[in-house]
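K.L.:
Make a model of this:
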Amino acid sequence: PKGTMAFSGKYEFEGDENYDAFVQKIGLPSDKVEMGRNCKIVTEVVQNGNDFTWTQHFPGGRTTTNTFTVGKEADMETMGGKKFKATVKMEDGKLVADFPNYRHTAEICGGKLVEISTSSGVVYKRTSKKIA
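P.N.:
Numbers count the residues shown, from 1 in each chain. Model prediction:
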């Protein structure tokens, strides 16, 4: 597809905006809120055409992996650990997924992985720098 970006790589959390307002809006339990704050998450993306494996490595050894193909429904897991089905789309070089209570986009911008989640008007932005 036109405008497919190269997402493959390893990215380390660099900074975020609006974290508290967002996690309150989506109802994340407080223990998960603390765990996720300024969390040095390493996101590892393996892209093979339209097939993606998207793994987040949390400090302490916990990982979550979502495997999906652009345009096909896949089983996904949220940052709060909820399981659901979603179809990831590619729009203007961004990956777009509609989660149960928020919309998530990811793009590569200036060599960084920029993820934006929007829930009822609250916009959470997370930036990660490429480390591999």
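
K.L.:
after the helix or strand of the chain with the lowest mean pLDDT comes which helix or strand?
P.N.:
Least confident helix or strand of the chain, by mean pLDDT, DSSP states H and E, is helix 30-36 with a mean of 83. Remark: after helix 30-36, the chain's next helix or strand is strand 42-48, criterion DSSP states H and E.

K.L.:
Would you mind putting the CA coordinates of that next one into PDB?
P.N.:
Presented in PDB, the C-alpha positions along strand 42-48 are these (Å, rounded to 0.1, in the frame of the first residue of the first chain):
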ATOM      1  CA  VAL A  42      10.700  -0.800  25.200                       C
ATOM      2  CA  THR A  43       8.500  -1.300  22.100                       C
ATOM      3  CA  GLU A  44       9.700  -3.900  19.600                       C
ATOM      4  CA  VAL A  45       8.100  -3.900  16.200                       C
ATOM      5  CA  VAL A  46       8.600  -6.500  13.500                       C
ATOM      6  CA  GLN A  47       7.000  -5.600  10.200                       C
ATOM      7  CA  ASN A  48       6.800  -7.900   7.300                       C
END
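
K.L.:
Which strands and helices lie in contact with that strand?
P.N.:
Packing contacts for strand 42-48, counted by 3 or more C-beta pairs under 8 Å, 6 or more residues apart in numbering; DSSP states H and E, involve strand 9-17, strand 51-57. Glycine gets a C-beta too; all of them are placed from N, C-alpha and C.

K.L.:
Now render the ones you listed as a markdown table, adding mean neighbour count, mean pLDDT and distance to residue 124.
P.N.:
As requested, those are exported to a markdown table (neighbours: other C-beta atoms under 10 Å; pLDDT from 0 to 100; distance: least, C-beta to C-beta, whole Å):
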| stretch | mean neighbour count | mean pLDDT | distance to residue 124 |
| --- | --- | --- | --- |
| strand 9-17 | 17 | 95 | 7 |
| strand 51-57 | 17 | 95 | 15 |
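
K.L.:
Nearest to residue 128, out of those?
P.N.:
strand 9-17 (3.6 Å; C-beta to C-beta).

K.L.:
Any chance you could list what contacts the closest one?
P.N.:
38-45, 112-113, 123-132 (C-beta atoms under 8 Å, 6 or more residues apart in numbering).

K.L.:
Quickly run through the sheet partners of it, with directions.
P.N.:
The pairing partners recorded for strand 9-17 under DSSP bridges are strand 42-48 (antiparallel), strand 122-130 (antiparallel).
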